[in-house]
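**Student:** Okay, here's the prediction I keep looking at, along with the sequence it came from:
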Amino acid sequence: MHGVIEGFYGPPWSHAARLRLLAGLGRRGLSRYVYAPKGDPKHRSQWAERYDDAEQEAFTELFAAADDAGVRATFGLAPTKLLARGPSPDPAARQALVAKLLDAQAAGARSFMLLFDDVPATFATAAASSALGRAQGELVATLADEVRQLDPDAEVLVTPSVYFRTWDKLGRGQAYWRGLAATVPPGTEVGWTGPSVFSPWIASADLRRIEDETDLRLFVWNNAIANDWLPMASGSGVGLAGYRKLSFGPPTNVDPGLRERTVLLNGALEAEPTALAAAALASWAGGGEAAAGWLDAAAERVGDHAPALLRFHDLVARNLALDRTAPEARVLRGALADPGAVEEALVAIRDDAAALAAVGDPLVNELAPSLRKARLMAEAGLASLRPDPAARRRRDQLLAEARGIRWLVARGAWDPLFSRGGLG
């Protein structure tokens, strides 16, 4: 059961974007969507606060749209601090958690996920313990009993506190996993991101080793296109503007041996480009090539401009955390090694950006800042090829405008054209 998790930090997707995504998932044979945006306070930081009537109405529409599309929509909740003071939750807090799940069930949810991720035990396994795992598993079992009173087929999935590393690298995390396995309901699917948070390769053998050691059933939470980390790493967490960078696939980091397992792609901050990566996942899940599925979806969205979108993807879309070695802007870098090809490459970048910007599709709205920056930098590059003072002034004006757009575009690939570095 493959699909998409809205599980990132930062602004959640719009309701309209979710509905478009659900329709696309169903059309491509993907069958899971998980609502778990960390930027929704009522999902995480204020998880005990119930949704108001308007929010409940939106969930009702969301779950109905998922049913119509043949997609199982999972309602996620992240009570990460519920067990911070000990293995037994405060009765009032426990009741608040039950109320939130029953509200979602009343809106049409038949699938639920509890998320205990990104706490001290996640990053320092010395903070993990069997007791923590057992307590979380007991809470999951209690909540599963609650929702199954009204719907015997309701399911509850888990994103554990210790959700990455291979078995041999888990340290005290092994005890945590065994504690969770001892108390979680049999058959519960438990999330795992691979050997790291951003795993270059997620191997079937590594997943099955954890299952063999614990008798748990794992699903893959794949962070291949996640780009929420960059705004935080570049200052948004302390009130600065931060940088953003497009990252939208195709994901190619999962062992084909896991095609028959549940693989869920954590979305990018941008919902519309995420849909392209989801199409790539669907192609891979069906035994095809992820890249082919990506191109097919691109053609649906931008028509004959799909090759331009692919070239633009090369210029902006590498996930810096996942793929540290692959060069960005391969065509641009190659052109810079051949003085005769530089102008042609810059004209192509400028024209691709202009052509894509003119396409009337919601996808282009989320690409727009990067498209504008790419066009400005290409025009600055063209100006830099001319020796006259007016061209140099024009170049500097264009670069100043480009620097004001806080989206990364092939960081460093432009440097040979300009006297100043750090233009990405």
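**Tutor:** Yep, that arrived.

**Student:** C-alpha from now on. contacts and neighbour counts both.
**Tutor:** Fine.

**Student:** Run the chain-centre distance for the lowest-mean-pLDDT helix or strand in the chain.
**Tutor:** One helix or strand of the chain scores below all others by mean pLDDT, DSSP states H and E: helix 330-336, with a mean of 87. Relative to its chain's centre, helix 330-336 lies at 29 Å (C-alpha atoms, centre = their mean, to the nearest Å).

**Student:** Beyond it, next helix or strand please.
**Tutor:** helix 342-357 (DSSP states H and E).

**Student:** Contacts for that next one next, please.
**Tutor:** Under the criterion C-alpha atoms under 8 Å, 6 or more residues apart in numbering, residues 302, 305, 308-309, 312, 331-332, 335-336, 364, 368, 371-372, 374-376, 378-379, 381-382, 385 lie in contact with helix 342-357.

**Student:** Now do the buried residues in the least confident helix or strand of the chain.
**Tutor:** For helix 330-336, the neighbour count (16 or more other C-alpha atoms under 10 Å) marks 331-333, 335-336 as buried.

**Student:** Counting by contacts, list what it packs against.
**Tutor:** Contact here means 3 or more C-alpha pairs under 8 Å, 6 or more residues apart in numbering; DSSP states H and E; on that basis helix 330-336 packs against helix 342-357.

**Student:** Quick one: name whatever helix or strand follows the helix it packs on.
**Tutor:** Per DSSP H and E, the first helix or strand lying C-terminal to helix 342-357 is helix 362-384.

**Student:** re the thing from before, make a ChimeraX selection of the buried ones in the contacts of helix 342-357.
**Tutor:** In ChimeraX syntax, the buried subset of the contacts of helix 342-357 is picked out as below (16+ other C-alpha under 10 Å):
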select :302,305,308,309,312,331,332,335,336,364,371,372,374,375,376,378,379,381,382
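
**Student:** where's the residue nearest the centre of the chain relative to residue 27, distance?
**Tutor:** Residue closest to the average C-alpha location in the chain (C-alpha atoms, centre = their mean): residue 267, at 2.6 Å. Computed as C-alpha to C-alpha, to the nearest Å, the residue 267 to residue 27 distance reads 18 Å.

**Student:** I'd assumed residue 411 was in contact with residue 333.
**Tutor:** No. The pair residue 333 / residue 411 is not scored as a contact, 11.4 Å apart, by C-alpha atoms under 8 Å.

**Student:** picking up where we left off before, just the CA coordinates of the least confident helix or strand of the chain, formatted as PDB?
**Tutor:** Taking Å, rounded to 0.1, in the frame of the first residue of the first chain, the C-alpha atoms of helix 330-336 are listed here in PDB:
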ATOM      1  CA  ARG A 330      25.000  19.100 -15.100                       C
ATOM      2  CA  VAL A 331      24.300  20.800 -18.400                       C
ATOM      3  CA  LEU A 332      25.400  24.200 -17.100                       C
ATOM      4  CA  ARG A 333      28.600  22.800 -15.600                       C
ATOM      5  CA  GLY A 334      29.400  21.000 -18.800                       C
ATOM      6  CA  ALA A 335      28.800  24.200 -20.800                       C
ATOM      7  CA  LEU A 336      31.100  26.200 -18.600                       C
END
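
**Student:** Residues in contact with that helix: which ones?
**Tutor:** The contact list for helix 330-336, computed with C-alpha under 8 Å, 6+ apart, reads 314-315, 341-342, 345-346, 413-414, 416.

**Student:** And for stretch 222-233?
**Tutor:** Counting by C-alpha under 8 Å, 6+ apart, 8-10, 193-194, 197-200, 237, 241-249, 251, 253, 263-269, 274, 277, 319, 322 sit against stretch 222-233.

**Student:** Take the buried residues of helix 330-336 and lay them out in a markdown table including distance to residue 40.
**Tutor:** Formatted as a markdown table, those follow (distance: C-alpha to C-alpha, whole Å):
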| residue | distance to residue 40 |
| --- | --- |
| 331 | 39 |
| 332 | 39 |
| 333 | 40 |
| 335 | 44 |
| 336 | 44 |
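
**Student:** Show me which pair in those is furthest apart.
**Tutor:** Across these, the longest distance by C-alpha to C-alpha is 8.7 Å; it joins 331 and 336.

**Student:** remind me which residues of the chain are low pLDDT?
**Tutor:** Scanning the chain for pLDDT under 70 picks out 84-88, 320, 324, 419-424.

**Student:** Does residue 74 lie in a helix or a strand, and which?
**Tutor:** strand 72-77.

**Student:** Flag every buried residue along stretch 11-28.
**Tutor:** Using 16+ other C-alpha under 10 Å as the test for burial, stretch 11-28 gives 12-13, 18-26, 28.

**Student:** In JSON lines: these, plus distance to residue 135.
**Tutor:** Listed next are the buried residues of stretch 11-28 as JSON lines, based on distance: C-alpha to C-alpha, whole Å:
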{"residue": "12", "distance to residue 135": "30"}
{"residue": "13", "distance to residue 135": "32"}
{"residue": "18", "distance to residue 135": "33"}
{"residue": "19", "distance to residue 135": "36"}
{"residue": "20", "distance to residue 135": "38"}
{"residue": "21", "distance to residue 135": "35"}
{"residue": "22", "distance to residue 135": "34"}
{"residue": "23", "distance to residue 135": "37"}
{"residue": "24", "distance to residue 135": "38"}
{"residue": "25", "distance to residue 135": "35"}
{"residue": "26", "distance to residue 135": "36"}
{"residue": "28", "distance to residue 135": "38"}
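
**Student:** Which of the residues you listed fall in helices?
**Tutor:** Those of the buried residues of stretch 11-28 mapping onto helices are 18-26, per DSSP state H.

**Student:** Turn these into TSV, including distance to residue 298.
**Tutor:** As requested, these are exported to TSV (distance: C-alpha to C-alpha, whole Å):
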residue	distance to residue 298
18	18
19	19
20	15
21	14
22	17
23	16
24	13
25	15
26	17
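
**Student:** Kindly indicate which of those residues lies nearest residue 207.
**Tutor:** Of all those, residue 25 has the smallest distance to residue 207: 25.3 Å, by C-alpha to C-alpha.
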